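[1] kindly return the folded structure for what I paste below:
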Amino acid sequence: MNLDQIPLTRNDGTPDTLASHKGKVLLVVNVASKCGLTPQYEGLEALYRANKDRGFEVLGFPANDFAGQEPGADTEIAEFCSLNYGVSFPLFTKATVTGPDKQPLYAALTEAMPEKHGNAAEWREKLRGYGMTPTEDPEVLWNFEKFLIAKDGTVAARFAPQVTPDDPEMTAAIEAELAK
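    Numbering: from 1, shown residues only. Predicted coordinates for the structure are as follows:
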């Protein structure tokens, strides 16, 4: 199945697919409201606003896979994102992004791009220091991992959770895809 054919549901219950975003550069991010990386919402929103008129979208997929850091219902998540970070990019229903029951989009993304940019080993070590058992590639490592999807619907890059939205490597990859 192509990425653009995978059924998705927005957090308001509206059906969607990546096909409705065809021809745009997409940044797919698994997000969480109670994570040390949650402030990345601010950078994601800034990135979205700066580039949306150029054919760029951020797509947020709340996930509760990591330390229960996204416990809320879809409406609570949307309200949190709007009130605290002014999020206007599309949010989808909460999805499982790791393990055998992962959402089909995440199964396809991790298969297409099994390794990530950014120092994932350092992040894994940090998690172990907190007494957690991190996932290994190709699984999503933690909240705020990012997949860059090219205009043609292929996965162009993947970034580790601690790679911020304003990281030069990520912004260069986005710019390169927008220029195509």
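[2] switch to C-alpha atoms for all contacts and neighbour counts from now on
    Noted.
[3] which residue packs closest to the residue nearest the centre of the chain, ignoring adjacent ones?
    Most central residue of the chain, judged by C-alpha distance to the mean C-alpha position with C-alpha atoms, centre = their mean, is residue 29 at 0.6 Å. Nearest non-adjacent residue to residue 29, counting by C-alpha to C-alpha, 6 or more residues apart in numbering: residue 146, 4.7 Å away.
[4] helix/strand/coil for the residue nearest to the centre of the chain?
    Under the three-state scheme (DSSP: H, G, I helix; E, B strand; the rest coil), residue 29 adopts strand.
[5] distance from the chain centre to the helix-or-strand element of the chain with minimal mean pLDDT, please.
    Every helix and strand in the chain was compared by mean pLDDT, DSSP states H and E; the lowest is helix 120-129, with a mean of 93. Computed by C-alpha atoms, centre = their mean, to the nearest Å, the chain-centroid distance of helix 120-129 equals 19 Å.
[6] by contact count, what packs against that helix?
    Using 3 or more C-alpha pairs under 8 Å, 6 or more residues apart in numbering; DSSP states H and E as the contact test, no helix or strand touches helix 120-129.
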